[in-house]
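> When you get a sec, could you give me coordinates for this:
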Amino acid sequence: MQIFRHEFDYKISPYTGLAREHWLDAATYLMEGVFRNIKSFDAPVVMPRKEKEITYPHGDNIREKKAEYFEGLARSMFIAAPLIHENPELVLNGINLRDYYKNHILRSCSKDDEQSVGTYEQMLSTVENYEPSMVFQQTVETCALVMCLWITRNEIWETYTKEEKDIIADFLFGYANGNTVPQNWRLFNMLDLAFLNKAGYEIDRDIMREHARGILEYYTTDGWYRDGHSFDYYSCWAFQVYAPIWCDWYGYENEPYLAGCFEKNSNELMKTFDRMFDEDGHTNMWGRSNIYRNAVTGAFEGNFVLKNSVANPGLARRIASGSLLQFITRDDFLHEGIPTLGFYGQFMPLVQGYSCAESPFWLGKAFLCLTLPADHPFWTAKEENGVWENLKDDEVLETELKGPGIVLSNHKANGVTIYRTGKVLKQKDDRHGMWNYSKLNFNTGYPWEAGVDDGIEAQEYVLSDPEKDELQYGNVLFYAGIRDGVLYRRQYFNYCLEKESHWIHGINLADFAVPFGIVRVDRLKLYKKPMEITLGAYGFPDNGTEIFREEYHDDNIDASAIILKGYDHMGHEKQMAMTIYDGWDSIDTVNREKTNPDSEKSIVIYARTSRQKQNRYEQSVLISQVITKESHKDFAQDELFSVSQIQYSDSENKGGYGKITLSMKNGDKKIVCFDGIEGNLSL
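From the prediction side, this is the model:
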């Protein structure tokens, strides 16, 4: 199947070549894959599943099978609805899309139909031990359904009879008024109620107001909402998509104060949102639900719904198109015509149990841009590339988002964007959660690598207790902010509330950006020894890799480096180097399989050291650097060994207290001082 059927337009879109007709092409391409797997008009949107252990449905679980059918129907319609509105007569695999979705929506909501997905009351009746917090996956999908019904209101909703509308409305009322998860799920109930209100049904405005009030309580600053313990893309593809639509459907008219708050918060996000993407508009692999890929760009479309939108349309389209191309052009993006359960290809370490084969269609939120008319500035403005257009060759732009505890760094030298995150709290055995949230850096060019319990993790410290034969991982990451160009955080290992923090190993983190990456100056916070410590670089895709070692020694510095040169899955040149300075004993590499989201094989460069003497003053500072390049052009010596001198305040030169001063080859001077960090830690 061909993705794009139109010639690229580099006049209006000098960066990507994509215009509105190309987005319609992409949507058609994806729906062709879906309908290739739908053998008849009566068959539901149930897609081939490559994996059956983690994802649902499990076995013959009827509740899960109903949820899967509804998830496939509603989420695929994110992509289908704009196509139906554009061309109601569109036929794929011999099936008219409008007629198909009209039929299956009604059947899914009809409680006595064999393809019913279950009314709220029916689902409750299947639960043996009811609790007030009981929720169902269908609640999520009702929100997608009402959004798509509104997009196709002329083609589908208004063509139902009054009786048919009432069947769908009764179904929606059950979930709209029912239990929900008290986080981003509240927005699902809000949009259900808002749709019903617009459709002329009486709703409980008190329920609506309580959910909307609750959503605002999750807001921090900088356009970010907290979702449970975490900050992640749900702030962008849930809060900042649904809330603006709610303002348009209901809030502006009925709850102007709350709508004003949501509008203000969306506009705050737009001030820095573009900096989350790299120079190519690529999305970082970070947080849960990475199978949703470029859905994060839906926050732009959400902002354009507002009365007083501030989003830059040319920049928004450039990023949305860049992120779309990041995924849709890869040869491993689809499995039997549908998006894989992965970030690029199939990659099970990132998949959660709440996902099914149809879950990736959440990425259809990116296609909400097609609901904007052809003459909207999103489509007519010339593409821009934001901050990347004005950065100098070796310049790094850092943006601190204090609310969510995220520092973004845009590196002009290699075009990548790095996230350094804080305010992370995970269970000590939640390795999956740590991969998603508590890695020290998240790099758009090097998606996070999973671990294999060998004591080496990409972009994570791992502690090994030889006396207990135990590995400890950093499951909690406190944020302490930027001071004099240095970001301060603290990580704890195997953190739990049952222990006082002085009985938990930790490390004070200090890092700063250099043109091609990040320099670390971290101080160990150990309560017992002996202890072994490792730190990995990013996972490097191994499709034929050259490995080089270099040393640097002078009167001030002793340093070692390993450089990798190779290619990613798509054949693009990649290069990475890790350099170790004080505090480390050795640097080496380890080969991996099935732990990298880009390639079957990968390599991790890692540093190793140990601390042996209990209650003895030993070297406490660990200094390292990881840099990357999207070409095989050699790093300069001053890039590979960027530190020219390290000065400590203690006479023993072990960095246990006082300031640590790093003089850099480019003339910069960085002073690291952990004094006062204890009073600035936040989760």
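
> okay, and for the stretch 101-250 of the chain, where does confidence drop off?
For the stretch 101-250 of the chain, no stretch is flagged by pLDDT under 70.

> Which residue ranges of it form helices?
All helices of the stretch 101-250 of the chain, identified by DSSP state H, counting those that start in this stretch, fall at 120-125, 138-151, 162-177, 186-198, 205-217, 234, 240-246.

> for this structure, which helix is longest?
helix 62-86 (DSSP state H).

> That helix: what's the following helix or strand?
strand 91-92 (DSSP states H and E).

> what pairs with that next one, and is each one parallel or antiparallel?
Sheet pairing for strand 91-92, assigned by DSSP bridges, gives strand 95-96 (antiparallel).

> Now tell me what touches the partner strand from outside.
35, 38, 41, 89, 90 (C-beta atoms under 8 Å, 6 or more residues apart in numbering). In short, each C-beta sits where N, CA and C put it, glycine included.

> Now the two most distant members of those residues.
38 and 89 (17.8 Å; C-beta to C-beta).

> So if I had to pick from the two, which one is more boxed in?
Neighbour count, other C-beta atoms under 10 Å: between residue 38 and residue 89, residue 38 has more, with 21 against 9.

> got the contact list for the more buried one?
In this structure, residue 38 makes contact with 44, 45, 93, 95, 100, judged by C-beta under 8 Å, 6+ apart.

> before we move on, the earlier item: closest to residue 430 out of the helices of the stretch 101-250 of the chain?
helix 234 (17.3 Å).

> rewinding a little: among the helices of the stretch 101-250 of the chain, which comes closest to residue 542?
Of all the helices of the stretch 101-250 of the chain, it is helix 234 that lies closest to residue 542, at 32.4 Å by C-beta to C-beta.

> For the closest one, which outside residues touch it?
Contacts for helix 234 (C-beta under 8 Å, 6+ apart): 184, 225, 227, 287, 288, 289.

> Can you lay out those residues as CSV showing distance to residue 613?
Below are the contacts of helix 234 laid out as CSV (distance: C-beta to C-beta, whole Å):
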residue, distance to residue 613
184, 49
225, 47
227, 44
287, 40
288, 41
289, 45
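
> What segments of the stretch 301-450 of the chain are helices?
Applying DSSP H, counting those that start in this stretch to the stretch 301-450 of the chain gives helices spanning 313-328, 377-380, 431-437.

> Ignore what I typed, I meant the stretch 551-683 of the chain.
Under the criterion DSSP H, counting those that start in this stretch, the stretch 551-683 of the chain contains helices at 637-640.

> next one: the worst-scoring helix or strand of the chain on mean pLDDT to chain centre, how far?
Least confident helix or strand of the chain, by mean pLDDT, DSSP states H and E, is helix 120-125 with a mean of 93. Helix 120-125 has its C-alpha centroid displaced from the chain centroid by 33 Å (C-alpha atoms, centre = their mean, to the nearest Å).

> hmm, back to that, columns distance to residue 466 and mean neighbour count on top of the helices of the stretch 101-250 of the chain, output as TSV?
As requested, those are arranged in TSV below (distance: least, C-beta to C-beta, whole Å; neighbours: other C-beta atoms under 10 Å):
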stretch	distance to residue 466	mean neighbour count
helix 120-125	51	16
helix 138-151	46	25
helix 162-177	54	19
helix 186-198	48	24
helix 205-217	46	17
helix 234	40	22
helix 240-246	47	27
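
> Which one, of those, ends up nearest to residue 611?
helix 234 (38.9 Å).

> show me what contacts the residue nearest the centre of the chain?
Centre of the chain computed as the mean C-alpha position; nearest residue by C-alpha atoms, centre = their mean is residue 286, 3.9 Å away. Contact analysis of residue 286 by C-beta under 8 Å, 6+ apart lists 232, 233, 419, 421, 436, 437, 442, 448.

> Farthest pair within those residues?
Going by C-beta to C-beta, the pair spanning the contacts of residue 286 furthest: 233 and 448, at 13.9 Å.

> The two: which has the busier surroundings?
Ranked by neighbour count (other C-beta under 10 Å), residue 233 and residue 448 place residue 448 first, with 29 against 23.

> Correct me if wrong: the more buried one contacts residue 439.
Yes - counting by C-beta atoms under 8 Å, residue 448 touches residue 439, with 5.6 Å between them.

> before we move on, back to that, name the member of the contacts of residue 286 with the most neighbours.
Using other C-beta under 10 Å as the neighbour criterion, residue 448 leads the contacts of residue 286 with 29 neighbours.

> residue contacts, that residue?
If you count contacts by C-beta under 8 Å, 6+ apart, residue 448 has them with 285, 286, 435, 436, 439, 442, 458, 459, 538, 539, 597.

> Same check on residue 659?
If you count contacts by C-beta under 8 Å, 6+ apart, residue 659 has them with 649, 671, 672, 673.

> Restricted to buried residues, select those in PyMOL.
Restricted to buried positions by 16 or more other C-beta atoms under 10 Å, the PyMOL selection for these reads:
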select buried, resi 672+673
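
> so which of the contacts of residue 659 comes closest to residue 523?
residue 672 (8.4 Å).

> quick revisit: is it possible to export the contacts of strand 95-96 to JSON lines including distance to residue 16 and pLDDT?
Listed next are those as JSON lines, based on distance: C-beta to C-beta, whole Å; pLDDT from 0 to 100:
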{"residue": "35", "distance to residue 16": "27", "pLDDT": "98"}
{"residue": "38", "distance to residue 16": "31", "pLDDT": "97"}
{"residue": "41", "distance to residue 16": "36", "pLDDT": "98"}
{"residue": "89", "distance to residue 16": "29", "pLDDT": "98"}
{"residue": "90", "distance to residue 16": "25", "pLDDT": "98"}
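
> Specify which member of these is nearest to residue 379.
Residue 379 lies nearest to residue 90 out of the contacts of strand 95-96, by C-beta to C-beta, at 20.0 Å.

> residues in contact with the closest one?
Applying C-beta under 8 Å, 6+ apart, the residues contacting residue 90 are 28, 83, 84, 96, 97, 98.

> hmm, try it at 7 Å
Residues near residue 90 by C-beta atoms under 7 Å, 6 or more residues apart in numbering: 83, 84, 97.

> Please tell me how far the last one sits from residue 361.
Applying C-beta to C-beta, to the nearest Å, one obtains 14 Å for the distance of residue 97 from residue 361.

> So for the two, which residue has more residues nearby?
Legend: neighbour count by other C-beta under 10 Å for residue 97 and residue 361, higher for residue 361 (29 against 25).

> distance of that one from residue 70?
Applying C-beta to C-beta, the value for residue 361 to residue 70 is 12 Å.

> same thing with residue 203?
22 Å.

> just residue 83 next, same as before
In this view, residue 83 and residue 70 are 20 Å apart by C-beta to C-beta.

> Comparing the two, which residue is more hemmed in?
Between residue 83 and residue 70, counting by other C-beta under 10 Å, residue 70 is the more crowded of the two (29 against 22).
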